[in-house]
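In: Test case, fold it:
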Amino acid sequence: MHALILHRPGLPGWLSEMLKYQGPNRLAIQMLAWHETLYYHAVTTAVYAEAVGRALGMQDKELEWLIQAAFFHDYGKITWPSALVSKAHLSDDDRKLVNVHPITGEYYLRKYWPDVPDPVCRAIREHHERPDGSGYPAGLKGGEVHPLSVIVATVEVYTALLEHRPYRDKSFTRAEALAELEKQGLPGEVVRVLAGISEVVVGKTVGQCLS
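Out: Residues are numbered from 1 along each chain as shown. Down below sits the predicted model:
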């Protein structure tokens with residue numbers, strides 16, 4: 001059933017192309033099987049990332065790596081108990097799982113997709129690092145974080161703020177989300193590009209992605 005969902009007509013071109021290959025297809029099916037919110041967050045993040053990458057002049061392999069990293073950035077969450085999806089308050093043990101998911105995601109991506117490009121893995125590992133060193137898992141600062149990782153991090157935060165989460169009362173508006181990106185010190189160039197992109201709507205029918 002999941003394979004049929006992933007291959008239905010109307011998928012974004014990059015996703016349809018990516019899912020032709022056994023490794024990425026298996027990973028995407030696992031995300032959807034773990035929880036559909038993870039899968040649709042991945043699609044939304046990748047759609048925004050593609051728009052940002054094109055606006056910044058990325059082409060060919062660099063753009064492809066950005067899209068792949070954006071789609072699989074949270075793959076490590078499939079190792080979590082599914083109850084974490086709806087949990088409003090995290091325990092210390094929960095927080096440990098959260099903090100390690102970038103490393104877990106890279107590990108399993110390499111396991112199930114042996115020829116995954118290294119820049120994709122690095123962006124997955126670093127997508128929760130922050131310019132001031134307050135991020136995780138390594139507490140990297142500024143130039144220590146790969147440029148692709150910075151873009152994925154910025155876009156991922158933006159999409160997460162626009163989506164429903166059990167630990168807050170309401171989703172952010174676009175203006176509030178953009179302001180939060182600036183507050184976190186994420187790159188102004190990427191924030192400005194996101195400000196110019198119409199909101200992406202990804203429903204349970206993936207072919208209904210609108211921009």
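
In: use CA for all of it now, contacts and neighbours both
Out: Noted.

In: After the helix or strand of the chain with the lowest mean pLDDT, heading C-terminal, what element do we hit next?
Out: None of the helices or strands of the chain scores lower by mean pLDDT, DSSP states H and E than helix 2-6, at a mean of 41. Moving toward the C-terminus from helix 2-6, the first helix or strand encountered (DSSP states H and E) is helix 13-18.

In: list the buried ones in that next one?
Out: 15-16, 18 (16 or more other C-alpha atoms under 10 Å).

In: swap in stretch 147-157?
Out: 148-157.

In: Repeat that for stretch 61-73.
Out: 63-73.

In: Spatially nearest residue to residue 22, not counting backbone neighbours?
Out: Excluding the flanking residues, the one nearest residue 22 by C-alpha to C-alpha, 6 or more residues apart in numbering is residue 113, at 8.0 Å.

In: if I look at that neighbour, how far off is residue 66?
Out: For residue 113, the distance to residue 66 (C-alpha to C-alpha, to the nearest Å) stands at 16 Å.

In: again, but for residue 86
Out: For residue 86, the distance to residue 66 - C-alpha to C-alpha - is 29 Å.

In: Same question for residue 177.
Out: Taken as C-alpha to C-alpha, the span from residue 177 to residue 66 is 21 Å.

In: ditto for residue 188
Out: Taking C-alpha to C-alpha, one finds residue 188 at 18 Å from residue 66.

In: got it, and residue 26?
Out: In terms of C-alpha to C-alpha, residue 26 sits 19 Å off from residue 66.

In: got it, and residue 119?
Out: 8 Å.

In: shared neighbours of these two, which are they?
Out: residue 148 (C-alpha atoms under 8 Å, 6 or more residues apart in numbering).

In: show me what contacts residue 143?
Out: Counting by C-alpha under 8 Å, 6+ apart, residue 143 has contacts residue 131.

In: where does it fall, helix, sheet strand or coil?
Out: Recorded secondary structure, residue 143: helix (DSSP: H, G, I helix; E, B strand; the rest coil).

In: Per-residue pLDDT of it, please?
Out: We have a pLDDT of 89 for residue 143.

In: Pull out the buried residues from whichever strand or helix holds residue 51.
Out: Assigned by DSSP H and E, residue 51 falls within helix 36-55. Residues 38-53 are the ones in helix 36-55 that count as buried (16+ other C-alpha under 10 Å).

In: Taking helix 36-55 as reference, get the angle to the next helix or strand after it.
Out: Downstream of helix 36-55, the next assigned helix or strand under DSSP H and E is helix 60-72. Orientation check (axes from the mean of the first three to the mean of the last three C-alpha atoms, to 10 degrees): helix 60-72 against helix 36-55 gives 160 degrees.

In: what's the model's confidence in helix 60-72, averaged?
Out: Rounded mean pLDDT across helix 60-72 is 94.

In: buried set for the next helix or strand after it?
Out: Counting by DSSP H and E, the element after helix 60-72 in chain order, helix or strand, is helix 92-112. Under the neighbour-count criterion of 16+ other C-alpha under 10 Å, helix 92-112 has 97-98, 101-106, 108-109 buried.

In: Tell me the first helix or strand C-terminal of helix 92-112.
Out: helix 118-126.

In: Show residues contacting that following helix.
Out: 65-66, 68-70, 72-74, 102-103, 105-106, 109-110, 136-137, 145-146, 148-150, 152-153.
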